[in-house]
Structure formats: C-alpha cells, structure tokens
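*Asks:* prediction below, plus the sequence it came from.
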Amino acid sequence: MIRVFFLFLISLMYAVTTEAGQPKSSNTKLYFSYQICKNSGKCKHFIPTKKVNNYLFKRLDPARDEFYIKDNNGNFTLYYKNIYSEDVQVGWAEAKVDKNNNNELSLNIDKINLALGGIDFIKNGYATKQAESKNFKLGIYYLADNYTGAPYYQKQKIVFKKNAGDLILECNSYLNNPSVKDESYGVFYGVCSEGEKVYFKQVN
C-alpha cells in the first residue's frame, strides 16, 4: 500500500514538473498584407520579411507599401510602410477597437509614431530631419522596436471585413475619413486611392 502511494506521489510530481516546463502558448496574432489586388482582378502576392522570427521592414525591399496588424489579446497595433517618390515612411500606431465580431473589425487611430522617414515630409512634402529609430541608418525597422521619438497625429477609422480567416481592407470607408479626404494623405491612402484591395492573413 505504501509502495502504491509513493508511486502515485512520484507520478504526480512528474506531471506537475512537466506541465510547468511547457512553454505557454501566446495569444498574439500577427497579420500581414500578403495580397494586393487591382479592380481588374489582377493580384500580387507578398511574403513578410523576418530575421530569426523577428518581423521587420526594409526601406526599399520590396519597393511598395506593406502593412502588419498585431492582435495581442484584443489590443491592436498597426504597422505600415508607405513608398513615395521623395521618401519612404515607416511607422506604427496603437489602435482602439470600435467593432470586432465574426464579420468585421473596425479600428480607430489618432497618434502615429514615425520610425523611418522625414519628420517634416508629412507637412511640407520634403524629407530633411529623419526619425532616428534604432536602425534608421540601415533603413531597417523591427516591429518590436516600439520607437516613439517622432509622433504625429491624424484621426483615421479603418474597417476590415473578415472572410475565411483573412482581413480585407474596406477602401471606400477609409477614403471617406475627413482627414484622409482633406489632406490626401493617410496610412492606406496610396493603395486605396489606386483602387486596390488589401488582404491580410495571419503569419505567426
């Protein structure tokens, strides 16, 4: 009887130790703009850039707009790269959830943190003083860097439809943002003004 008890105790201790040693699963989801389609139906597919599982932007590789959306237990962060003929802008913004159900995700952003690019480009259209994030001289920005040294403000409501695990940007809704319409500028202004559809899928 004592032997049975000790065997039970040992097995219980093993189970507890094994469970404690298991890595906890993360609830963080990362979505990437893997597909951009024109109204003609022609689509281009893209893959995210990462180094040792750290996702990042490279200034001109590829030389087109890219986006990520991070969902950390219902707390959303938007990351973007916008390509212009005069500059490349990379940044991120914490987003407030307006709606999140099985059919739609609606986010609001206001404060945007510029991480790569000219600080005065947004207002004046030319790039002189640069946002000096960790690897700005190399033209690289890691999503995890959380650089906050060059903020600017623009209210934008961003709506995504959900379909088979994808998030699909609603461009008509986005272009109706008063600030986007008045300033002809915004995180998704380039792709939306060209009549493109942006599809996101989970990559982690």
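*Replies:* Noted; the coordinates are in hand. Residues are numbered from 1 along each chain as shown.

*Asks:* pLDDT score assigned to Leu116?
*Replies:* For Leu116, the pLDDT comes out at 97.

*Asks:* I'd say it and Asp87 touch.
*Replies:* No - Leu116 lies out of contact with Asp87 (Cβ atoms under 8 Å); the separation is 9.2 Å. No exception for glycine: its C-beta is placed from N, CA and C like everyone else's.

*Asks:* between these two, who's got more neighbours?
*Replies:* Leu116 (25 against 18; other Cβ atoms under 10 Å).

*Asks:* tell me which element the nearest residue to Glu66 once chain neighbours are set aside is part of?
*Replies:* Leaving aside its sequence neighbours, Glu66 sits nearest to Lys81 (Cβ to Cβ, 6 or more residues apart in numbering; 4.5 Å). When elements are assigned from DSSP states H and E, Lys81 belongs to strand 75-83.

*Asks:* which strands or helices does that strand pack on?
*Replies:* Other helices and strands packing on strand 75-83, by 3 or more Cβ pairs under 8 Å, 6 or more residues apart in numbering; DSSP states H and E, are strand 66-72, strand 88-100, strand 104-116.

*Asks:* would you reformat the ones you listed as TSV and include distance to Asn177?
*Replies:* Converted to TSV, the helices and strands packed on strand 75-83 look like this (distance: least, Cβ to Cβ, whole Å):
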stretch	distance to Asn177
strand 66-72	16
strand 88-100	13
strand 104-116	10
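
*Asks:* Phe160 is nearest to which of those strands?
*Replies:* The closest of the helices and strands packed on strand 75-83 to Phe160 is strand 104-116. By Cβ to Cβ, the value is 4.5 Å.

*Asks:* how big is the angle separating the closest one from strand 75-83?
*Replies:* 60 degrees (axes from the mean of the first three to the mean of the last three Cα atoms, to 10 degrees).

*Asks:* quick one on the thing from earlier: residues near the residue nearest to Glu66, how many?
*Replies:* Lys81: 25 neighbours (other Cβ under 10 Å).

*Asks:* by mean pLDDT, point me to the weakest helix or strand of this structure.
*Replies:* Least confident helix or strand of the chain, by mean pLDDT, DSSP states H and E, is helix 2-21 with a mean of 42.

*Asks:* next SSE downstream of that helix?
*Replies:* Under the assignment DSSP H and E, the closest C-terminal helix or strand after helix 2-21 is strand 28-37.

*Asks:* contacting residues around stretch 161-180?
*Replies:* Residues outside stretch 161-180 that contact it (Cβ atoms under 8 Å, 6 or more residues apart in numbering) are 31, 69, 102-105, 154-160, 181, 186, 188-189, 191-193, 195-202.
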